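**Student:** Here you go, sequence then predicted model.
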Amino acid sequence: MGSRRPDYAAAGVPFERRGQVLDEQLAELRRAWSEPDGFTAPGPPPHTPGGPPILLGGTSRAAVRRVAEHGAGWICGLGGATAFAHTAAAVRDRWRRAGRDGTPRLLSIVNFALGSGATDTSGHFLRRYYGAAPFVESMVADTATTLDDVRAALDAHREVGCDEVLLFPCASDRSQLELAAEAL
């Protein structure tokens, strides 16, 4: 859902109702995608019966509940492998208790910036994007700024059962992708 109040103000959605609004939207999407006699929502019908897989994020009990009720999986956006492992365990447990088949798809994000001035570049990017969010300084501190940092983050996520890691460049220079490929 996000924690940036200005995003909600711009959309005209009360920040305090964001969870309720998301629950309503997820239920409506599921209803629209499961129409047995034809797709009634705007646009073409979904390619996948029942609609596309939905990945949900967040660490609250409500977020974990949403994954079990509506999601195909969960994505960790903050806190690295340690935070991933903690909430992934809750997601797996809630998934089982909900009687869902299989296992949830589990992903995590690793922020990175590489090369000369990486620490300053990533700090500027993250502070500008997230503003005064209470977690921004820990996010800046956790950003991988060397190839060894990227490799260590990937290894740590692998060790705690992460299915997929999304490398998120915190610099606009396209060379970041080439530099990150060296870590793989």
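**Tutor:** Cool, the structure landed. Remember, it's a predicted structure, so these values are computed and weren't measured experimentally. Residues are numbered from 1 along each chain as shown.
**Student:** Can you name the residues bridging to the residue nearest the centre of the chain?
**Tutor:** Geometric centre of the chain, nearest residue: residue 75, 3.8 Å, by C-alpha atoms, centre = their mean. On the basis of DSSP bridges, residue 75 is bridged to residue 57, residue 107.
**Student:** That one contacts residue 110, doesn't it?
**Tutor:** No. Counting by C-beta atoms under 8 Å, residue 75 stays clear of residue 110, with 11.7 Å between them. (Each C-beta comes from the backbone N, C-alpha and C, glycine too.)
**Student:** Which residues belonging to the helix ranked longest in the chain are considered buried?
**Tutor:** Ranked by residue count under DSSP state H, the longest helix found in the chain is helix 80-97. For helix 80-97, a neighbour-count test (16 or more other C-beta atoms under 10 Å) marks 80, 81, 83, 84, 85, 87, 88, 90, 91, 92, 94, 95 as buried.
**Student:** Then stretch 144-161?
**Tutor:** Quick answer for stretch 144-161 (16+ other C-beta under 10 Å): 144, 145, 146, 147, 149, 150, 152, 153, 154, 156, 157, 160.
**Student:** Point me to the helix or strand that includes the closest residue to residue 90 other than its chain neighbours.
**Tutor:** Of all residues not flanking residue 90 in the chain, residue 64 sits nearest, at 4.9 Å (C-beta to C-beta, 6 or more residues apart in numbering). Here residue 64, judged by DSSP states H and E, is contained in helix 61-70.
**Student:** Identify all contacting residues around that helix.
**Tutor:** For helix 61-70, contacts defined as C-beta atoms under 8 Å, 6 or more residues apart in numbering pick out 1, 19, 22-23, 26-27, 30, 54, 56-58, 73-74, 87, 90-91, 94-95, 97-98, 100, 104.
**Student:** Now with 10 Å, please.
**Tutor:** Residues from elsewhere that reach helix 61-70, judged by C-beta atoms under 10 Å, 6 or more residues apart in numbering: 1, 19-20, 22-23, 25-27, 29-30, 51, 54-58, 60, 71, 73-75, 87-100, 104-106.
**Student:** One more: stretch 7-19?
**Tutor:** Under C-beta under 10 Å, 6+ apart, the answer for stretch 7-19 is 1-6, 20-22, 24, 58, 60, 62-63, 66.
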